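A.B. asks: Make a model of this:
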Amino acid sequence: MKGRRRIGLLSVAALLLTALCHNTIPVDQLAQNLSRLSVEELRDRIELYIDNRAGTEEIPGAAAAIFKEGTPILWVHKGLAEDQPVSIASLTKPFTAMVIIRLARSGKLDLDAPIQEFLPELKTPAGGSAEEKGNQNSAAEKNAPATLTARMLLSHTSGISYNAGKKEDTFLLEGKRFPLPQAKNRGKFEYSNFNYHILAILAHRLSGKPLARLTEDWILKPAGMRNTKAQGTSGAAGMVSTLEDLTRFCEFLLSENKQESSPYYRVFQAFQNLEHRKSSNEYGLGWHVYAPSNGQALFFHSGTWYNAAAEIYIMPESSSYFVHIANPPDFRDKATARYRSDVIKMATLALTRPD
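C.D. replies: Residues are numbered from 1 along each chain as shown. Have a look, this model is predicted:
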């Protein structure tokens with residue numbers, strides 16, 4: 001893998017040097033007027049953009065890679081070494097999804113069966129006074145938490161809100177308060193970290209091992225992700241990784257997806273959640289999925305928090321992908337948001353545009 005990654009990087013560097021010497025486009029316009037640019041021109045603009053934006057107060061460090069049909073066409077880092085770990089925040093979710101899918105394929109879990117057998121707390125409202133318990137029992141009965149499934153949690157269609165809300169609308173699970181699923185919202189997409197917190201607990205109860213250990217044994221070690229740490233995973237966030245390792249993750253996914261003997265064989269088909277999709281642009285099982293009827297499916301996920309920005313965009317049909325990480329102090333900063341938006345826009349165009 002490492003040899004493949006280095007192929008062509010010297011020529012990429014030479015092209016970058018030429019572009020740097022002759023660039024007359026203001027930095028804040030590099031992500032504009034992209035419709036007629038070639039893949040090579042888009043690549044050069046990304047390099048120039050990161051070279052100018054990284055090393056600033058808003059973006060102390062950044063690193064990015066693009067592989068096009070298995071060949072590296074971009075490998076750039078400034079202020080971050082290629083093996084320097086940063087938080088990947090919500091990009092943790094695809095790792096959790098892989099663990100849950102593997103448990104399902106091993107027969108330990110039915111993605112479409114109610115999970116109260118493993119999480120009986122879903123039947124029991126949070127503790128409190130007799131009056132509170134009465135209110136909570138009514139809420140639990142009304143929201144029918146027993147119908148909660150792993151597929152709903154993976155796809156953020158459980159009816160569980162992003163916020164915990166009032167005490168009477170919650171239940172306790174291993175000492176932590178979770179929002180009760182709202183029946184009126186079940187089946188509708190609502191992104192909520194609580195879904196993946198519950199999946200982490202579910203994985204532990206099904207396997208007898210914490211999610212961090214499963215992630216290490218089933219993904220990080222076989223993928224050779226030596227500088228990635230899963231000890232802090234909550235299911236929804238908490239992992240740290242590097243540019244180098246996230247490219248290894250993409251290569252691992254692409255390789256395992258094709259091997260019939262792998263527990264992740266055709267895993268992108270599972271991620272896409274084909275039988276349950278309603279449109280071409282949805283959240284599948286652990287990934288956002290854009291699957292147009294006349295083109296390749298694109299799987300992507302981002303993670304942002306303080307000192308954390310990470311994204312993967314991957315097209316399995318052509319073995320193409322984009323990886324980006326950065327360490328912005330404030331992910332809500334406008335300049336930071338524009339930086340990420342511009343890099344993602346240019347990179348996705350480079351991925352999807354024919355050579």
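
A.B. asks: quick one: the nearest residue to Leu74 once chain neighbours are set aside from His288, how far?
C.D. replies: With sequence-adjacent residues excluded and distances taken as CB to CB, 6 or more residues apart in numbering, Leu74 is closest to Ile66, at 3.8 Å. From N, CA and C alone the C-beta is placed, and that goes for glycine too. Using CB to CB, to the nearest Å, Ile66 is found at 18 Å from His288.

A.B. asks: Check Arg102 too.
C.D. replies: According to CB to CB, Arg102 and His288 sit 21 Å apart.

A.B. asks: the more surrounded of those two?
C.D. replies: When Arg102 and His288 are compared for neighbours, Arg102 comes out ahead with 21 against 17, by other CB atoms under 10 Å.

A.B. asks: and the one helix or strand that one maps to, average pLDDT?
C.D. replies: Assigned by DSSP states H and E, Arg102 belongs to helix 93-105. The pLDDT scores in helix 93-105 average 98.

A.B. asks: how about that helix: buried residues?
C.D. replies: Using 16 or more other CB atoms under 10 Å as the test for burial, helix 93-105 gives Lys93, Pro94, Phe95, Thr96, Ala97, Met98, Val99, Ile100, Ile101, Arg102, Leu103, Ala104.

A.B. asks: go on, stretch 310-320?
C.D. replies: Applying 16+ other CB under 10 Å to stretch 310-320 flags Ala310, Glu311, Ile312, Tyr313, Ile314, Met315, Pro316, Ser319, Ser320 as buried.

A.B. asks: If the second one is in a bridge, with which residues?
C.D. replies: Right, Glu311. Ser302, His324 (DSSP bridges).

A.B. asks: I'd like to know how far it sits from Ala65.
C.D. replies: According to CB to CB, Glu311 stands 11 Å off from Ala65.

A.B. asks: got the domain boundaries for this protein?
C.D. replies: Structurally, the chain divides into domains by automatic domain parsing as follows: 2-93+208-352, 114-148+157-190.

A.B. asks: Looking at these, which is nearest to Leu202?
C.D. replies: Proximity to Leu202 (CB to CB) singles out domain 114-148+157-190 among the domains of the chain, at 5.9 Å.

A.B. asks: still on that earlier bit, what score does the residue nearest to Leu74 have for pLDDT?
C.D. replies: 98.

A.B. asks: Including distance to Gln32, could the buried residues of helix 93-105 go into TSV?
C.D. replies: TSV is the format used below for the buried residues of helix 93-105 (distance: CB to CB, whole Å):
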residue	distance to Gln32
Lys93	32
Pro94	31
Phe95	35
Thr96	37
Ala97	35
Met98	37
Val99	41
Ile100	41
Ile101	40
Arg102	43
Leu103	46
Ala104	45
